[in-house]
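[1] build the 3D model from these lines:
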Amino acid sequence: MAVHSTETSAFEALPDELVLQIIRYLEPYELAKLQQASRSLQQICLDDDLWKTLCFDESAWRQQLANRRVAAARAYAPDEDAHVDDEDEPANGLPTGAQRQQTQRAQRLQDMANWDPSYPGEKLSWYNEYIQREGPASVNWLEAPHLSDRGLEAIIEARGVAMYAPYDGSDGIGTKLAVAPLDDGSMCLWDINGTRGRKGAILARGAPEMLYSESTAGQCGRARAEKIDSSIADRVVVDNTHHKAYIAIQNNLIEVDLNRLQVVSRSKFEFSINTMSAVHPNKPLVVGTSLGVHLHDFRAPGPGSGIFDPNPLPPYASLSQPTPTSAIFIPRGNVLTDDVFVSGRFRSILHYDLRKFPVLRSNWSGASINSLAALPYHFSALHHEVRRGAEASSEVVAGMKEQEGSTLIAGGGYQNKGSLEIYGMSPGVPGSDSGATLQQNSTVKNRYTAASAPILSVATQGTRIVFSDGSGLLKWFERDGTTECRRLRIGHSETEGKGTLFAAEPQLDDVARKIISTRTEGGKSLPNDDNILFWTGERLGLVSFTSSPLYTERDFLPESATESDEADHAFREKMGEALRRDANDARFMSALGLGSAESFGMW
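    Okay, the predicted model is just below:
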């Protein structure tokens, strides 16, 4: 032990720059282990430039660039051979080998500058980026709420999801809670990272039927059928500062105090609510109903009063086509603009300026957009096409990133396939009341390689775009919208009822109807703390970048029931497999003309 300690101390005594050059020869998993040796080594091993280089070396973008260069070299093989012959003689007094090495280094730096998806001033941890790009990923299912009645138990389905981070993560302990209304009319909170309870476990649950209006509170079956459905993805939004949640149930907007899990107020709209924007301190809540867009001032203590009309109508914009699906405010730098974009089951993306509401500007997409996301950085399709071929110099790339603007990201469906669309937006003219404008020549529409099924939800995570599609996949793309980084299949929840042996047929994979990055704006940033929270329409889950799940559904079972449930589950799985094998044999014999499947008693 003494020898090992002496060697470690001698290694740490070296200058940090020299230590950094030495550890560059280690594999990523060895760097992760070396961090645990001491605090000083941990800081060196988390060097951003080191992990940024590793991200670039293993990126799909670099591999695709290399493939294109190889293909181009083969196409011009005769010219290339002649060029190589000309380089046999030294030039400028340098040996040919040194000259080539210098050229290769310059080309590598240019390639890395063209790939680099980050922007000046952006808060990033390249260590986290590497984990999320190249590390293992696991699917975790949050504890399922149950309803017990006369000795029988049933799972209560969740009807939406939002993330609650008190004070945007600056509460001192980094609390992150999942919030969802349940099918029985109650509210439920889950602890995502285990700061107040067990990871993934239910932290608190409100009273049943608390979200139902008094006229339907006693009619459980009818109320559930009429009041809550699973077709609305943006049903829940959270105010992290004032600890409030806003839940849309049919045409009712319900305000809930998250500290007490009690209803504070109810607002009624003329038509059913289909989507809501996120809550921002100095902006109204954008509420999209089936036939209109409303501005709801949640900061007002009660209904306002006008001079001539004691009950004036709130700001409202009618829709020529029904069913909006997503609404978002556009950021620019560290400021949230007055520009609101609304998408839906129509072929255009609607653009409103709060200063001119309800004046409408429409932007043609051609796809049915299900979800919107945004970045406070400039996007140019032309620049990205040049960078895709690594043709821009480092200075040109830096100049591109200094330009002002924003990026709108849209995900939806086009002819039964996924459509990932990226729009660059120019800022408004300084000193005028003109808002942002979508640049039609700065648009990327990936409808071929994005997804084989419509995109359901889109978000941003680190320097990547992440979305879920109708085939049950989560996919991560670079910010260019065309380069896929990784993918993950959600699978399905293990929770089953006490069904018969014949109910043991393989389940279809779940799809993520809504995805949320768990990264917060405030608070201390911890390594590998940015996961993906998702909602399948029934259950809540979490994608963590770990080699094994953080928890399993059996961790939430009572200890007395675990052994018997595991034995019952294993028995049903074994018998179900035997039944499926017999059914396959019967189908095979039937195909040979040796009898029908009915004659074997299979169905």
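[2] can you list the buried residues in the helix or strand where Arg105 lies?
    Following DSSP states H and E, one finds Arg105 within helix 96-115. Going by neighbour count (16 or more other Cβ atoms under 10 Å), the buried part of helix 96-115 is 110-115. To be clear about C-beta, it is placed using only N, CA and C from the backbone, and glycine gets the same treatment.
[3] quick one, phi psi at Phe11?
    With angles defined as degrees, to the nearest 10, Phe11 sits at phi -70, psi -40.
[4] could you find the closest non-adjacent residue to it?
    Among residues not flanking Phe11 along the chain, Val19 sits closest, at 7.0 Å (Cβ to Cβ, 6 or more residues apart in numbering).
[5] in the host helix or strand of the one you found, what's buried?
    Per DSSP H and E, Val19 falls inside helix 16-23. Neighbour counts using 16+ other Cβ under 10 Å place 19, 23 of helix 16-23 among the buried residues.
[6] after it, which helix or strand is next? Please name it.
    Counting by DSSP H and E, what follows helix 16-23 is helix 28-34.
[7] against Asp47, how distant is Tyr29?
    Distance, Tyr29 to Asp47, using Cβ to Cβ, to the nearest Å: 17 Å.
[8] between those two, which is the more surrounded one?
    Remark: of Tyr29 and Asp47, Asp47 carries more neighbours, 18 against 9, as counted by other Cβ atoms under 10 Å.
[9] which ones are touching the more buried one?
    Contact analysis of Asp47 by Cβ atoms under 8 Å, 6 or more residues apart in numbering lists Leu20.
[10] and Ala60, by the same measure?
    For Ala60, the contact set (Cβ under 8 Å, 6+ apart) comprises 478, 483-485.
[11] again with Leu360
    Taking Cβ under 8 Å, 6+ apart as the criterion, Leu360 is in contact with 317, 350-352.
[12] do that again at 7 Å, thanks
    For Leu360, the contact set (Cβ atoms under 7 Å, 6 or more residues apart in numbering) comprises 317, 350, 352.
[13] confidence-wise, which of the residues you listed comes last?
    Within the contacts of Leu360, Ala317 has the lowest pLDDT, namely 92.
[14] that one touches Val359, doesn't it?
    No. Using Cβ atoms under 7 Å, Ala317 is not in contact with Val359, being 8.4 Å away.
[15] distance between the helix holding Val19 and the chain's centre?
    35 Å (Cα atoms, centre = their mean, to the nearest Å).
[16] who does it touch, helix- and strand-wise?
    Counting contacts by 3 or more Cβ pairs under 7 Å, 6 or more residues apart in numbering; DSSP states H and E, helix 16-23 packs against helix 39-45.
[17] pull out the buried residues from the next helix or strand after the helix it packs on.
    Going down the chain from helix 39-45, the next helix or strand is helix 48-57, by DSSP H and E. In terms of neighbour count (16+ other Cβ under 10 Å), helix 48-57 has its buried residues at 50-56.
[18] closest to Lys524 out of these?
    Using Cβ to Cβ, Trp51 comes nearest to Lys524 of the buried residues of helix 48-57, at 18.9 Å.
[19] how close does that closest one sit to Pro136?
    On the measure of Cβ to Cβ, Trp51 and Pro136 end up 17 Å apart.
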